[in-house]
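K.L.:
heads up, no residue letters with this:
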């Protein structure tokens, strides 16, 4: 507003809408317009300081985007100013994109696509629900008709925030690979799944709903009337402002630094994907099934498998075929071997794989094969701990091959 040296009447109209939404006196409008004509640097700095890292800053960014379009044209100076405001308010890049996506959906009256942002942790829904009331869209009806759409869109948003471009693939080979190759495998471990872009909004919304309590360096959650240690601020490289009741990334954090996520926090986050599936599926599932559902949703792949060469001829090669005979392993008395997959003709230290006996194994010795009975190679991590460890690779069918 006024960045193009012009205050359009439609911009003033939108200011009036905002003033009404905050239940402020209409006389404030003249003051706001006067401020836009002659902005005061000290006031702007005070505004930024007060709302920096606060969830309400999301709404200010949304309103700024609305203001840039009220006169049906975007001046070349407007968007750089909006981006600078988002940076000064320390809004995460991923959250900025979510706000822009919501803005586009509402601008185009695409309520089904906008529904995700009124119900998920991506943004703070309470700050945006007034938009539905303004456009006379009934919240409960919208939620009821978009349940499946919202689940699919949430997975899409999560995928956009995971760096999939770094994945490189090669043909899947084992030490004794005298068989037709039908699968490919990533050359290295998966990228970090739970980054600040995903975790911070998730934790903040729980904090605002009073589901979390933070004491010193520890984050607690109440489940089944019992308070449990949920996470650790220093492990997550986060800081907590008790006065503002906000979480933010440590100032000294460098992009790419590893954060340590508890299995409980990991499970809660990925239940966002799993819960709707469980609601529609009454069949019991194994823990590794949930792991592969998540990996399939994000990467269209599964955790890499070990191979048992002695039984190779007894099953159909591949992920699905292996499940048909896995139960027969319990009846075999011979010393079977586990073969780890290659990575560019080498083996990866501490790679975790899923055996055909549904047991997780870890390549602690960076070797090609071990006895199934060697306890030094058994992995005692839960699937959720495996997921956040990132110490595994992905496998998928080669395009054009049959499973």
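P.N.:
Cool, got the structure. Just so it is clear, the model here is predicted, and its values are computed rather than measured.
K.L.:
For this structure, just list every one of the strands.
P.N.:
169-171, 183-186, 212-215, 218-223, 226-232, 238-241, 246-249, 302-303, 337-339, 352-354, 360-362, 369-371, 394-397 (DSSP state E).
K.L.:
Now do the shortest one: everything it contacts.
P.N.:
Contact partners of strand 302-303, identified using Cβ atoms under 8 Å, 6 or more residues apart in numbering, comprise 288, 291-292, 295-296, 319, 352-354, 386, 392-396. Every residue, glycine included, has its C-beta placed from N, CA and C.
K.L.:
again with the first one
P.N.:
The list of residues contacting strand 169-171 from outside it, by Cβ under 8 Å, 6+ apart, reads 181, 183-187, 343-344, 396, 398.
K.L.:
Which single one of those is nearest to residue 244?
P.N.:
residue 186 (40.8 Å; Cβ to Cβ).
K.L.:
Identify the residues contacting the closest one.
P.N.:
167-170, 301, 304, 393-395.
K.L.:
Buried ones from those, can you make that a ChimeraX selection?
P.N.:
To isolate the buried members of the contacts of residue 186 in ChimeraX, using 16 or more other Cβ atoms under 10 Å:
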select :167,169,301,304,393,394,395
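K.L.:
follow-up on the earlier one: out of the contacts of strand 302-303, which one sits closest to residue 339?
P.N.:
Set against residue 339, the nearest of the contacts of strand 302-303 by Cβ to Cβ is residue 353 (9.4 Å).
K.L.:
what about that closest one, distance to residue 383?
P.N.:
Per Cβ to Cβ, to the nearest Å, residue 353 is found 13 Å from residue 383.
K.L.:
higher neighbour count, those two?
P.N.:
Counted by other Cβ atoms under 10 Å, residue 353 and residue 383 do not tie: residue 353 has more neighbours, with 25 against 21.
K.L.:
For the more buried one, name its beta-bridge partners.
P.N.:
Note on residue 353: beta-bridge partners by DSSP bridges are residue 361.
K.L.:
my read: it touches residue 343, true?
P.N.:
No: when contacts are counted by Cβ atoms under 8 Å, residue 353 is not listed as touching residue 343 (11.6 Å).
K.L.:
What about the nearest residue to residue 69 once chain neighbours are set aside, how many residues nearby?
P.N.:
Sequence neighbours aside, residue 107 is the residue nearest to residue 69 in space, at 6.7 Å (criterion: Cβ to Cβ, 6 or more residues apart in numbering). Residues lying near residue 107 (other Cβ under 10 Å) number 12.
K.L.:
okay, residue 107: pLDDT?
P.N.:
For residue 107, the pLDDT comes out at 91.
K.L.:
joint contacts of residue 353 and residue 383?
P.N.:
Residues touching both residue 353 and residue 383 by Cβ under 8 Å, 6+ apart: residue 360.
K.L.:
Which residue ranges make up each domain of this protein?
P.N.:
The record's domain parsing of the chain by automatic domain parsing lists 9-160, 166-191+285-397, 196-260.
K.L.:
for the last one, how far is the first residue from the last?
P.N.:
Chord length of domain 196-260, first to last residue, is 11 Å (Cα to Cα, to the nearest Å).
K.L.:
Kindly report the same for the first one.
P.N.:
With Cα to Cα as the measure, domain 9-160 spans 38 Å from end to end.
K.L.:
Contacts only, for residue 232.
P.N.:
217-219, 260, 262.
K.L.:
who wins for most neighbours among those?
P.N.:
residue 219 (24 neighbours).
K.L.:
Report the beta-bridge partners for that residue.
P.N.:
residue 214, residue 231.
K.L.:
Confirm for me that it is in contact with residue 234.
P.N.:
No: using Cβ under 8 Å, residue 219 is not in contact with residue 234; the gap is 10.7 Å.
K.L.:
just to revisit the earlier point, between the contacts of strand 169-171, which sits nearest residue 146?
P.N.:
Nearest to residue 146 among the contacts of strand 169-171: residue 396, at 30.1 Å, using Cβ to Cβ.
K.L.:
Can you report phi and psi for the closest residue in space to that closest one that isn't next to it in sequence?
P.N.:
Among residues not flanking residue 396 along the chain, residue 301 sits closest, at 4.0 Å (Cβ to Cβ, 6+ apart). As for residue 301, its main-chain torsions (degrees, to the nearest 10) stand at phi -150, psi 180.
K.L.:
doesn't residue 395 make contact with residue 301?
P.N.:
Yes: contact criterion Cβ under 8 Å: residue 301 and residue 395 qualify, at 6.2 Å.
K.L.:
Just name the closest of the contacts of strand 302-303 to residue 132, please.
P.N.:
The closest of the contacts of strand 302-303 to residue 132 turns out to be residue 296 (Cβ to Cβ; 33.2 Å).
K.L.:
Can you pull the poorly scored residue ranges out of the stretch 151-300 of the chain?
P.N.:
For the stretch 151-300 of the chain, the stretches with pLDDT under 70 are 176-180, 256, 276-287.
K.L.:
ok, residue 300 - how many residues close by?
P.N.:
12.
K.L.:
Quick check: bridge partners of the nearest residue to it once chain neighbours are set aside?
P.N.:
Leaving aside its chain neighbours, residue 300 sits nearest to residue 396 (6.4 Å; criterion: Cβ to Cβ, 6+ apart). The partner list for residue 396 in beta bridges (DSSP bridges) reads residue 184.
K.L.:
Surely residue 396 and residue 184 touch.
P.N.:
Yes: between residue 396 and residue 184 there is a contact at 6.3 Å, judged by Cβ under 8 Å.
K.L.:
rewinding a little: pretty sure the residue nearest to residue 69 sits against residue 100.
P.N.:
No: Residue 107 is beyond contact range of residue 100, at 10.3 Å (criterion: Cβ under 8 Å).
K.L.:
Can you check the distance spanned by stretch 68-86, start to finish?
P.N.:
14 Å.
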